[in-house]
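Student: sequence first, then the predicted structure:
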Amino acid sequence: MKKVVFLVLAAIAASAFADRPKYVFLFIGDGMSVPQRMTADEFSRKSGGGPLAMNAMPFSAMTRTCSSDSLVTDSAAAATAMACGVKTKNHYAGVDPEGKPLVSSAAAAKKAGVKVGILTTVTITHATPAGFYAHRKNRGDTYGITLDLADSGFDFFAGGGLDVNPKNALKHKQYEACGDACEYVRSKGYKIVETKDRFLSLKPGDGKVLAMFANGSLDAAIDADGSQPTLSEMVAKAIEMLDGDNGFFIMAEGGKIDWSGHGNDSATNLRDILALDEAVKTAIAFQEKHPDDTLIVVTGDHETGGMSMGFAGTGYALYLELLSNQTMSVSKFGDKVTAAFKANPNLSFDDVKPIISKAFGFKFEGDAKKDKMVLSAEDIKGLVKAFEHDIEFYRAKIEENSKYDGVKRYLLGGECRLVMSHKCGIGWSCGSHTAMPVLSTSKGRCAEKFSGSLDNTDIAKAMKAFYE
Ligand SMILES: [Zn+2]
C-alpha cells in the first residue's frame, strides 16, 4: 500500500513539470542586438575564448521590439512586453497603455509556488527589472517602484541600489525620505545585504533578500575591481538560494551594455557582453546537470547606438583585437581627466597623453603603418582640439560669473572612443536606441518555443503559459 501511495505521489510530482521547465533562466542584455553580440563573439574568438555561449545555443529567433507608441522602444516598455506579454507606452513599467497593472511571468511563477530571483548590474529599480515586478506609468518613480519591489514578495533581488529620488518619495505621503523606502522593504520581511562578503555567505533558508552593492549602478565590467559581485556570481548565488522542489524563475540583466551603447564606447560594451556571457555559462553548467528540467533564454530589449561591424576607414576589414588595449570605460577615463584638471588647472595636452595612453593604448609616436595603435596626425589634431575645449570648460566652471558659451560637456573621452571605434572598424549611428530587431537564443526544455520569428511579447506569453 505504502508503495502504491509513493508511486501515485511520484507521478503527481512528475506531472507538475510535465509541460514546463522546472528551472527558467531569462537573460536580458539591455541594448544588445546582433552587432553587439557578434562584435563580442568575434573578439572572443580572436582572443582564444571561442564563440559566445549565448550565441552557440541550438534555437534562435529574430525578435521585434517596438512599443505601443513607437517603433523605437525604451527599456520600460520592452521589459513590460517581455515580462507581461503586452505592448505598452515608452516609460511605462508593468502597466498597459491605460495604466492598468499587468501580471508578469515572474509574478505568475511566484503565484504557482516557484521561487523568483531578479538580478541586474544597474539599479534594482531600473526599467528592465521593474518590468517584472512594478506597476508604474513613470519608470523614473523609483520610490513607487521600490514599494512595488517590496510588495512583489519575490524571493531574491540583487544588483545596484534603489536610486530612490527624494522628489518622488515626497509624492507618497507615508514615506517621505529615502531611508523610509528601505524601512518599507524590511517591513515586508526582506533582509538587506550591502557587501559582497555578506552576499557570498548567504545560505538557503536566510529568507527573502534584497542585495545591493552600490547606491547607483554597479561598475562596468571593464572597470570592475572585485569589490562587487559579477553577474555570474549573482546567478550562482541565486541558484543556490532558490533551488528547491518547486524550481525557480531567474531574470538576470546585463544592464550596462546599454549605457556604453549610448556612449558609443565599443570596448566597454563588449566587456559587459562577455560578463553577461559568463553568467549564461553559469546557467548552462546548471542546465547540464538538469537537462530535462531547465530552460535558458538569452535576448535583448532593443539595440542601442546603431552599432555596425564595418566603418568607412577600414574597408573590407575589422580589427576588433585592438579593443583589448582599452583598460577602462570612457566614463572612468573622464573622471581621471577631470581629477587631473582639478589637481592642476594649467595642465597641458602633453600632461594628459599618459592618461590617454593608459586608458586606450594609443601611441603618440611610431609608424602608424606598422602599429595600428599609433595615432595619425589627424587623430592627434582631434584629441588636442577636444582637450583645449575641455580645459577651457573646466576653468570656466571654477571661475565665478563665467560667460562660457562653448559646448557644456567634456569632449576628450568622446573623441578617444571615436578614434578607437574607427581603428577597429566599428561604426555608431546615434546615441539613442534604434528599432533594429534583437536576437533571442535558447537552450534546454521548451527552448523550441523561442525560435523562428518572435515579437518581444511572445517571450512573456510562452513563459506565463508555463505557470497557468
Ligand atoms: Zn537605453
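Tutor: Ah, there it is.
Student: what is the helix or strand that Asp351 is a member of packed up against?
Tutor: If you go by DSSP states H and E, Asp351 is part of helix 349-360. Using 3 or more C-beta pairs under 8 Å, 6 or more residues apart in numbering; DSSP states H and E, the elements in contact with helix 349-360 are helix 330-343, helix 377-398, helix 412-424. Quick note: C-beta positions are derived from backbone N, CA and C, even for glycine.
Student: tell me the angle of that helix relative to helix 377-398?
Tutor: Going by axes from the mean of the first three to the mean of the last three C-alpha atoms, to 10 degrees, helix 349-360 is angled at 110 degrees with respect to helix 377-398.
Student: for the longest strand seen in the chain, packing partners?
Tutor: Longest strand in the chain, counting residues (DSSP state E): strand 115-123. On a contact count with 3+ C-beta pairs under 8 Å, 6+ apart, strand 115-123 meets helix 105-111, helix 127-133, strand 156-160, helix 231-242, strand 248-254, helix 256-262.
Student: quick check: which of these is nearest to Met82?
Tutor: Counting by C-beta to C-beta, Met82 lies closest to helix 127-133 out of the helices and strands packed on strand 115-123; the figure is 7.0 Å.
Student: and Arg186, what element?
Tutor: Using DSSP H and E, Arg186 falls in helix 178-187.
Student: using PDB, list the CA coordinates for that helix.
Tutor: Extracted in PDB, the C-alpha atoms of helix 178-187 (Å, rounded to 0.1, in the frame of the first residue of the first chain):
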ATOM      1  CA  CYS A 178      14.900  57.700   1.100                       C
ATOM      2  CA  GLY A 179      15.600  55.800   4.300                       C
ATOM      3  CA  ASP A 180      11.900  55.000   4.600                       C
ATOM      4  CA  ALA A 181      12.000  53.100   1.300                       C
ATOM      5  CA  CYS A 182      14.500  50.600   2.900                       C
ATOM      6  CA  GLU A 183      12.300  50.500   6.000                       C
ATOM      7  CA  TYR A 184       9.300  49.600   3.900                       C
ATOM      8  CA  VAL A 185      11.300  46.800   2.200                       C
ATOM      9  CA  ARG A 186      12.400  45.500   5.600                       C
ATOM     10  CA  SER A 187       8.900  45.700   6.900                       C
END
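Student: so what does it touch, helix or strand wise?
Tutor: Using 3+ C-beta pairs under 8 Å, 6+ apart, the elements in contact with helix 178-187 are helix 142-152, helix 166-171, strand 191-193.
Student: tabulate the CA atom coordinates of the first one in CSV.
Tutor: Just to be clear, that refers to helix 142-152. What follows is helix 142-152 as a C-alpha-only set of coordinates in CSV (Å, rounded to 0.1, in the frame of the first residue of the first chain):
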residue,chain,number,x,y,z
THR,A,142,11.9,54.8,-8.3
TYR,A,143,10.3,55.4,-4.9
GLY,A,144,7.0,53.8,-6.0
ILE,A,145,9.0,51.1,-7.8
THR,A,146,10.7,50.3,-4.5
LEU,A,147,7.3,49.9,-2.8
ASP,A,148,6.3,47.5,-5.6
LEU,A,149,9.5,45.6,-5.2
ALA,A,150,8.7,45.0,-1.5
ASP,A,151,5.1,44.1,-2.3
SER,A,152,6.1,41.6,-5.0
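Student: so where's this protein shaky on pLDDT?
Tutor: 1-18, 165-178, 400-401 (pLDDT under 70).
Student: list the contacts for the residue positioned nearest the centre of it?
Tutor: Centroid check for the chain by C-alpha atoms, centre = their mean gives Gly255 as the closest residue, at 1.4 Å. Neighbouring residues of Gly255 by C-beta atoms under 8 Å, 6 or more residues apart in numbering: 30, 120-122, 126, 128, 159-160, 217.
Student: phi first, then psi, for Arg445.
Tutor: phi -60, psi 130 (degrees, to the nearest 10).
Student: equivalent analysis for the one 10 residues further on, please.
Tutor: Comment: the main-chain dihedrals of Asp455 come out as phi -100, psi 150, following degrees, to the nearest 10.
Student: surely Phe450 and Met463 touch.
Tutor: No: the criterion here is C-beta atoms under 8 Å, and Phe450 misses it with Met463 at 9.1 Å.
Student: please work out which residues outside stretch 181-194 touch it.
Tutor: 143, 146-147, 149-151, 153, 157, 162, 164, 169, 175, 199, 202, 206-213.
Student: roughly how far apart are the closest residue to Met436 other than its chain neighbours and Asn246?
Tutor: Distances taken as C-beta to C-beta, 6 or more residues apart in numbering place Glu303 nearest to Met436, at 4.0 Å, with adjacent residues excluded. Going from Glu303 to Asn246 by C-beta to C-beta, to the nearest Å gives 36 Å.
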